[in-house]
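[1] need a 3D model of the following:
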Amino acid sequence: MFRRSSLATAALCLILATVPAHADTACEFESEPHVLMEEGDPHEVGSKLLQVWEVPNCPVLWSETPPESGHYRRFRDDLAKRKIETDPVRLLERSPTENNRMVVRNADDWIRPAACLEMLMFGHQHGRLDTFETPSEFASIVLRSADGERLRVYYYTINHDGIGRMDPIVKPALEDKRDGWEVLVALHSHVFHPDQPQIDGILAPSEADADFHVRFHAESGVQEARITNGIHTIIMPASSFDGFKRPADDREISNPSD
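    Numbers count the residues shown, from 1 in each chain. Below is the predicted model of the structure:
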(Lines give C-alpha, C1' and ligand atoms only; values in the text may rest on other atoms or scores of the structure.)
Protein backbone atom coordinates (compact mmCIF):
# COMPACT_ATOMS: atom_id res chain seq x y z
CA MET A 1 0.00 0.00 0.00
CA PHE A 2 1.27 3.53 -0.81
CA ARG A 3 2.24 5.76 2.07
CA ARG A 4 0.45 9.13 2.36
CA SER A 5 3.43 10.96 0.77
CA SER A 6 3.33 8.58 -2.20
CA LEU A 7 -0.32 9.34 -2.78
CA ALA A 8 0.36 13.07 -2.59
CA THR A 9 3.18 12.81 -5.10
CA ALA A 10 1.06 10.74 -7.47
CA ALA A 11 -1.81 13.23 -7.20
CA LEU A 12 0.54 16.14 -7.95
CA CYS A 13 1.96 14.35 -10.98
CA LEU A 14 -1.50 13.64 -12.34
CA ILE A 15 -2.46 17.29 -11.93
CA LEU A 16 0.70 18.42 -13.75
CA ALA A 17 0.12 15.92 -16.54
CA THR A 18 -3.35 17.34 -17.23
CA VAL A 19 -2.33 21.00 -17.30
CA PRO A 20 -3.00 22.49 -20.77
CA ALA A 21 -0.10 22.15 -23.18
CA HIS A 22 0.58 25.90 -23.11
CA ALA A 23 1.65 25.60 -19.46
CA ASP A 24 5.33 24.83 -19.01
CA THR A 25 4.51 22.01 -16.59
CA ALA A 26 3.38 19.68 -19.42
CA CYS A 27 6.83 18.24 -20.17
CA GLU A 28 9.66 19.80 -18.20
CA PHE A 29 11.95 19.21 -15.26
CA GLU A 30 10.54 21.03 -12.22
CA SER A 31 13.99 22.18 -11.06
CA GLU A 32 17.36 23.15 -12.49
CA PRO A 33 20.05 20.45 -12.71
CA HIS A 34 22.97 20.23 -10.32
CA VAL A 35 26.18 20.56 -12.33
CA LEU A 36 28.80 18.01 -11.25
CA MET A 37 31.46 18.82 -13.85
CA GLU A 38 31.74 21.39 -16.63
CA GLU A 39 34.62 22.23 -18.94
CA GLY A 40 34.79 24.62 -21.89
CA ASP A 41 32.27 26.72 -23.78
CA PRO A 42 28.95 24.83 -23.96
CA HIS A 43 28.63 25.65 -27.67
CA GLU A 44 32.05 24.36 -28.72
CA VAL A 45 33.10 20.87 -29.74
CA GLY A 46 34.92 19.02 -26.96
CA SER A 47 33.30 20.87 -24.08
CA LYS A 48 32.17 18.57 -21.29
CA LEU A 49 29.14 18.59 -19.03
CA LEU A 50 27.99 16.19 -16.31
CA GLN A 51 24.84 17.15 -14.43
CA VAL A 52 21.92 15.57 -12.61
CA TRP A 53 18.27 16.43 -12.14
CA GLU A 54 16.35 15.08 -9.13
CA VAL A 55 12.62 15.34 -9.76
CA PRO A 56 9.31 13.69 -8.80
CA ASN A 57 8.66 10.47 -10.70
CA CYS A 58 5.70 11.87 -12.63
CA PRO A 59 3.96 9.78 -15.33
CA VAL A 60 4.25 12.69 -17.80
CA LEU A 61 8.02 12.21 -17.93
CA TRP A 62 7.52 8.68 -19.31
CA SER A 63 4.73 9.72 -21.67
CA GLU A 64 4.94 10.86 -25.30
CA THR A 65 4.06 14.43 -24.31
CA PRO A 66 6.59 16.72 -26.06
CA PRO A 67 8.10 19.92 -24.71
CA GLU A 68 6.11 22.84 -26.08
CA SER A 69 9.00 25.27 -26.39
CA GLY A 70 12.74 25.54 -26.22
CA HIS A 71 15.48 23.76 -28.10
CA TYR A 72 13.56 20.54 -28.70
CA ARG A 73 10.83 22.40 -30.55
CA ARG A 74 13.51 24.06 -32.68
CA PHE A 75 15.00 20.63 -33.41
CA ARG A 76 11.62 19.34 -34.64
CA ASP A 77 11.09 22.42 -36.79
CA ASP A 78 14.56 22.09 -38.34
CA LEU A 79 14.00 18.38 -38.97
CA ALA A 80 10.75 19.09 -40.82
CA LYS A 81 12.34 21.80 -42.94
CA ARG A 82 15.14 19.46 -44.00
CA LYS A 83 12.67 16.69 -44.91
CA ILE A 84 14.86 14.03 -43.30
CA GLU A 85 13.77 10.38 -43.29
CA THR A 86 12.70 9.37 -39.77
CA ASP A 87 11.07 5.96 -40.26
CA PRO A 88 13.17 3.86 -37.84
CA VAL A 89 12.96 0.59 -39.79
CA ARG A 90 13.87 2.21 -43.10
CA LEU A 91 16.87 3.83 -41.45
CA LEU A 92 17.99 0.47 -40.05
CA GLU A 93 17.55 -1.30 -43.38
CA ARG A 94 19.98 1.11 -45.05
CA SER A 95 22.80 -0.45 -43.03
CA PRO A 96 22.10 -4.18 -42.51
CA THR A 97 24.61 -4.94 -39.77
CA GLU A 98 23.98 -7.90 -37.49
CA ASN A 99 22.77 -5.67 -34.65
CA ASN A 100 20.59 -3.58 -36.95
CA ARG A 101 18.95 -6.72 -38.34
CA MET A 102 18.23 -7.94 -34.82
CA VAL A 103 16.43 -4.68 -34.05
CA VAL A 104 14.41 -4.85 -37.27
CA ARG A 105 13.19 -8.32 -36.24
CA ASN A 106 12.06 -6.90 -32.89
CA ALA A 107 11.02 -3.43 -34.03
CA ASP A 108 7.33 -3.83 -33.16
CA ASP A 109 8.20 -4.64 -29.55
CA TRP A 110 11.19 -2.39 -29.01
CA ILE A 111 10.74 0.85 -30.98
CA ARG A 112 8.28 3.57 -29.99
CA PRO A 113 7.99 7.38 -30.13
CA ALA A 114 10.47 9.21 -27.93
CA ALA A 115 9.30 9.94 -24.38
CA CYS A 116 9.26 13.30 -22.63
CA LEU A 117 12.45 12.50 -20.67
CA GLU A 118 14.32 11.66 -23.87
CA MET A 119 13.01 14.70 -25.74
CA LEU A 120 14.02 17.03 -22.92
CA MET A 121 17.59 15.76 -22.92
CA PHE A 122 17.78 15.66 -26.72
CA GLY A 123 16.66 19.29 -26.80
CA HIS A 124 19.25 20.17 -24.18
CA GLN A 125 21.98 18.73 -26.40
CA HIS A 126 20.60 20.48 -29.50
CA GLY A 127 20.86 23.74 -27.56
CA ARG A 128 24.56 23.09 -26.98
CA LEU A 129 25.40 22.19 -30.58
CA ASP A 130 23.02 22.21 -33.54
CA THR A 131 22.35 18.54 -34.32
CA PHE A 132 22.36 19.11 -38.08
CA GLU A 133 25.38 21.40 -38.25
CA THR A 134 27.63 19.73 -35.64
CA PRO A 135 26.26 16.30 -34.67
CA SER A 136 26.96 15.42 -31.04
CA GLU A 137 25.62 12.89 -28.56
CA PHE A 138 24.68 12.61 -24.90
CA ALA A 139 24.47 9.75 -22.43
CA SER A 140 22.08 9.45 -19.50
CA ILE A 141 21.44 7.11 -16.59
CA VAL A 142 18.05 7.24 -14.88
CA LEU A 143 17.57 5.96 -11.33
CA ARG A 144 14.51 5.69 -9.08
CA SER A 145 14.45 6.19 -5.31
CA ALA A 146 13.71 3.22 -3.07
CA ASP A 147 10.21 4.54 -2.35
CA GLY A 148 9.55 5.04 -6.07
CA GLU A 149 8.73 8.73 -5.67
CA ARG A 150 11.77 10.43 -7.21
CA LEU A 151 14.07 10.13 -10.20
CA ARG A 152 17.71 11.03 -10.58
CA VAL A 153 18.52 11.75 -14.19
CA TYR A 154 22.22 11.96 -15.02
CA TYR A 155 23.27 13.63 -18.26
CA TYR A 156 26.75 13.57 -19.76
CA THR A 157 28.22 14.91 -22.99
CA ILE A 158 31.61 15.79 -24.41
CA ASN A 159 30.05 17.77 -27.29
CA HIS A 160 31.30 15.22 -29.77
CA ASP A 161 29.86 12.67 -32.17
CA GLY A 162 30.33 9.96 -29.55
CA ILE A 163 30.56 9.87 -25.77
CA GLY A 164 34.06 8.75 -24.84
CA ARG A 165 34.70 6.78 -21.67
CA MET A 166 31.60 6.39 -19.54
CA ASP A 167 33.31 6.45 -16.14
CA PRO A 168 32.21 10.03 -15.30
CA ILE A 169 28.52 9.11 -15.45
CA VAL A 170 28.78 5.48 -14.34
CA LYS A 171 30.62 6.25 -11.08
CA PRO A 172 27.94 8.47 -9.44
CA ALA A 173 25.16 6.15 -10.63
CA LEU A 174 26.83 3.17 -8.96
CA GLU A 175 27.30 5.20 -5.78
CA ASP A 176 23.56 5.95 -5.80
CA LYS A 177 22.82 2.26 -6.28
CA ARG A 178 24.82 1.48 -3.15
CA ASP A 179 22.67 4.05 -1.35
CA GLY A 180 19.49 2.23 -2.34
CA TRP A 181 18.56 3.81 -5.68
CA GLU A 182 17.33 1.49 -8.45
CA VAL A 183 19.05 1.77 -11.83
CA LEU A 184 16.27 1.89 -14.42
CA VAL A 185 17.66 3.05 -17.75
CA ALA A 186 20.94 3.54 -19.59
CA LEU A 187 20.20 5.92 -22.45
CA HIS A 188 22.22 7.59 -25.18
CA SER A 189 21.51 9.33 -28.46
CA HIS A 190 22.22 8.40 -32.07
CA VAL A 191 21.68 11.56 -34.06
CA PHE A 192 20.79 12.17 -37.69
CA HIS A 193 23.59 12.20 -40.29
CA PRO A 194 21.71 12.71 -43.58
CA ASP A 195 24.90 12.26 -45.65
CA GLN A 196 25.96 9.08 -43.84
CA PRO A 197 23.25 6.41 -44.22
CA GLN A 198 25.15 3.86 -42.13
CA ILE A 199 24.80 6.00 -38.99
CA ASP A 200 21.79 8.20 -39.85
CA GLY A 201 19.53 8.12 -36.76
CA ILE A 202 20.18 4.39 -36.28
CA LEU A 203 18.19 2.94 -33.37
CA ALA A 204 20.42 -0.04 -32.74
CA PRO A 205 23.47 -0.54 -30.54
CA SER A 206 26.90 -0.52 -32.11
CA GLU A 207 29.18 -3.34 -30.98
CA ALA A 208 30.70 -0.92 -28.45
CA ASP A 209 27.23 0.06 -27.21
CA ALA A 210 26.26 -3.59 -26.81
CA ASP A 211 29.45 -4.24 -24.86
CA PHE A 212 28.72 -1.35 -22.52
CA HIS A 213 25.16 -2.54 -21.91
CA VAL A 214 26.32 -6.03 -20.88
CA ARG A 215 29.08 -4.76 -18.61
CA PHE A 216 27.04 -2.00 -17.02
CA HIS A 217 24.20 -4.43 -16.32
CA ALA A 218 26.65 -6.73 -14.55
CA GLU A 219 27.62 -3.87 -12.22
CA SER A 220 24.32 -2.06 -11.79
CA GLY A 221 21.46 -4.40 -12.66
CA VAL A 222 20.13 -1.76 -15.07
CA GLN A 223 16.69 -2.85 -16.29
CA GLU A 224 16.85 -1.62 -19.87
CA ALA A 225 18.94 0.27 -22.39
CA ARG A 226 17.54 2.95 -24.65
CA ILE A 227 18.83 4.75 -27.74
CA THR A 228 16.99 7.80 -29.06
CA ASN A 229 17.30 9.93 -32.18
CA GLY A 230 14.91 12.51 -30.75
CA ILE A 231 11.92 11.20 -32.72
CA HIS A 232 11.87 7.50 -31.87
CA THR A 233 13.50 5.45 -29.14
CA ILE A 234 14.47 1.81 -28.92
CA ILE A 235 13.92 0.15 -25.54
CA MET A 236 16.01 -2.99 -25.11
CA PRO A 237 15.25 -5.12 -22.05
CA ALA A 238 18.24 -6.43 -20.12
CA SER A 239 17.30 -9.95 -21.21
CA SER A 240 18.22 -8.98 -24.79
CA PHE A 241 21.71 -7.64 -24.10
CA ASP A 242 23.58 -10.90 -24.66
CA GLY A 243 21.95 -11.35 -28.07
CA PHE A 244 23.75 -8.40 -29.68
CA LYS A 245 27.13 -8.61 -31.35
CA ARG A 246 29.96 -7.22 -29.23
CA PRO A 247 33.63 -6.51 -29.94
CA ALA A 248 35.87 -9.55 -30.06
CA ASP A 249 38.40 -8.12 -27.62
CA ASP A 250 37.88 -7.98 -23.86
CA ARG A 251 37.60 -4.37 -22.74
CA GLU A 252 36.57 -2.39 -19.70
CA ILE A 253 33.32 -0.46 -19.51
CA SER A 254 33.65 2.25 -22.11
CA ASN A 255 32.08 4.23 -24.78
CA PRO A 256 28.75 4.05 -26.57
CA SER A 257 29.35 4.80 -30.23
CA ASP A 258 33.15 4.80 -29.89
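[2] how far away is Val35 from Met119?
    With distances taken as C-beta to C-beta, to the nearest Å, Val35 is found 21 Å from Met119. Backbone N, C-alpha and C define where each C-beta goes, glycine included.
[3] neighbour count winner among those two?
    For Val35 and Met119, the more surrounded residue by other C-beta atoms under 10 Å is Met119, and the numbers stand at 25 against 11.
[4] gap between the residue lying closest to the more buried one once chain neighbours are set aside and Pro237?
    Using C-beta to C-beta, 6 or more residues apart in numbering and skipping residues adjacent in sequence, the residue nearest Met119 is Tyr72, 5.1 Å away. Remark: distance between Tyr72 and Pro237 (C-beta to C-beta) = 26 Å.
[5] can you check Ser63 too?
    Taking C-beta to C-beta, one finds Ser63 at 20 Å from Pro237.
[6] of those two, give the one with the bigger neighbour count.
    More crowded of Ser63 and Pro237, by other C-beta under 10 Å: Ser63, with 15 against 12.
[7] in the sheet, who's paired with the residue nearest to the spatial centre of the chain?
    Nearest to the mean C-alpha position of the chain, by C-alpha atoms, centre = their mean, lies Leu187 at 3.5 Å. Going by DSSP bridges, Leu187 is paired in beta bridges with Ser140, Arg226.
[8] for Cys27, what are phi and psi?
    Here is the backbone geometry of Cys27 (degrees, to the nearest 10): phi -150, psi 90.
[9] is it in contact with Glu68, as I believe?
    Yes: Cys27 lies in contact with Glu68 (C-beta atoms under 8 Å); the separation is 7.2 Å.
[10] okay, now the residue nearest to Met119: neighbour count?
    Neighbour tally, Tyr72, other C-beta under 10 Å: 25.
[11] how near is it to Glu133?
    16 Å.
[12] check the secondary structure at the closest residue to Glu28 other than its chain neighbours for me.
    Distance criterion C-beta to C-beta, 6+ apart; nearest residue to Glu28, sequence neighbours excluded, is Pro67 at 6.6 Å. Following DSSP: H, G, I helix; E, B strand; the rest coil, the label given to Pro67 is coil.
[13] show me the contacts for Pro67.
    Taking C-beta atoms under 8 Å, 6 or more residues apart in numbering, we find Pro67 in contact with Ala26, Cys27, Glu28, Arg73, Cys116, Met119, Leu120, Gly123.
[14] ok, the residue nearest to the centre of the chain - contacts?
    Glu118, Met121, Ala139, Ser140, Ile141, Val142, Ala225, Arg226, Ile227, Thr228.
[15] okay, helices next: where are they in the stretch 1-150 of the chain?
    4-17, 59-62, 71-82, 88-93, 98-105, 107-110, 116-128 (DSSP state H, counting those that start in this stretch).
[16] tell me what the second one is packed against?
    Contact here means 3 or more C-beta pairs under 8 Å, 6 or more residues apart in numbering; DSSP states H and E; on that basis helix 59-62 packs against helix 4-17, helix 116-128.
[17] looking only at neighbour counts, state which of Cys27 and Glu68 leads.
    Cys27 (26 against 15).
[18] tell me which residues touch the more buried one, please.
    Val60, Leu61, Ser63, Thr65, Pro66, Pro67, Glu68, Cys116, Met119, Leu120.
[19] swap in 7 Å and give it another go.
    Val60, Thr65, Pro66, Pro67, Cys116, Met119, Leu120 (C-beta atoms under 7 Å, 6 or more residues apart in numbering).
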